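**Student:** I would like to see how this sequence folds:
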Amino acid sequence: MDDDDLDEDDDFDAEEDSEETIACPYCRREIHEDSERCPYCEQYLSQEDAPASRKPWWIVAGVILCLYLVLRWITLGS
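**Tutor:** Residues are numbered from 1 along each chain as shown. Below you'll find the model as predicted:
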């Protein structure tokens, strides 16, 4: 192996070291600065990146229907 090969390897290592990292706000491990979520704890780093936490419409409709049926059963049974 000659000296030119070693210099190329040193340049490659210097590029890897120059990447900006930050501490994850949840698990405190070092992650890449531009990450949307932590690869270790899998938490999203900001609310904009996190998927919407909305319930499916059929669950909401089912709960409302069940409450209505229970209310009708109570009012008609009395």
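**Student:** can we go C-alpha only for contacts and neighbour counts from here?
**Tutor:** Fine.
**Student:** output the below-cut-off pLDDT ranges for the protein.
**Tutor:** Scanning the chain for pLDDT under 70 picks out 1-18, 78.
**Student:** need phi/psi at the spatially most central residue of it.
**Tutor:** In the chain, the residue lying closest to the centroid (CA atoms, centre = their mean) is residue 44, at 3.1 Å. Residue 44 adopts backbone torsions of phi -70, psi 140, taken as degrees, to the nearest 10.
**Student:** can you pull the contacts of the nearest residue to it once chain neighbours are set aside?
**Tutor:** Excluding the flanking residues, the one nearest residue 44 by CA to CA, 6 or more residues apart in numbering is residue 37, at 4.1 Å. By CA atoms under 8 Å, 6 or more residues apart in numbering, the contact list for residue 37 reads 43, 44, 45, 49.
**Student:** any idea how far the first one is from residue 36?
**Tutor:** Using CA to CA, to the nearest Å, we find residue 43 at a distance of 9 Å from residue 36.
**Student:** and the lengthiest helix in the chain, C-alpha only, in PDB?
**Tutor:** With secondary structure taken from DSSP state H, the chain has its longest helix at helix 57-77. Taking Å, rounded to 0.1, in the frame of the first residue of the first chain, the C-alpha atoms of helix 57-77 are listed here in PDB:
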ATOM      1  CA  TRP A  57     -63.800   8.000  11.000                       C
ATOM      2  CA  TRP A  58     -65.500   4.600  11.500                       C
ATOM      3  CA  ILE A  59     -64.300   4.400  15.100                       C
ATOM      4  CA  VAL A  60     -65.700   7.800  15.900                       C
ATOM      5  CA  ALA A  61     -69.000   7.000  14.100                       C
ATOM      6  CA  GLY A  62     -69.200   3.700  16.000                       C
ATOM      7  CA  VAL A  63     -68.700   5.200  19.400                       C
ATOM      8  CA  ILE A  64     -71.400   7.900  18.700                       C
ATOM      9  CA  LEU A  65     -73.800   5.200  17.400                       C
ATOM     10  CA  CYS A  66     -73.300   3.100  20.500                       C
ATOM     11  CA  LEU A  67     -73.800   6.000  22.800                       C
ATOM     12  CA  TYR A  68     -77.000   6.900  21.000                       C
ATOM     13  CA  LEU A  69     -78.300   3.300  21.300                       C
ATOM     14  CA  VAL A  70     -77.500   3.200  25.000                       C
ATOM     15  CA  LEU A  71     -79.300   6.500  25.600                       C
ATOM     16  CA  ARG A  72     -82.300   5.300  23.600                       C
ATOM     17  CA  TRP A  73     -82.400   2.000  25.500                       C
ATOM     18  CA  ILE A  74     -82.300   3.900  28.900                       C
ATOM     19  CA  THR A  75     -84.900   6.400  28.000                       C
ATOM     20  CA  LEU A  76     -87.300   3.800  26.400                       C
ATOM     21  CA  GLY A  77     -86.800   1.300  29.300                       C
END
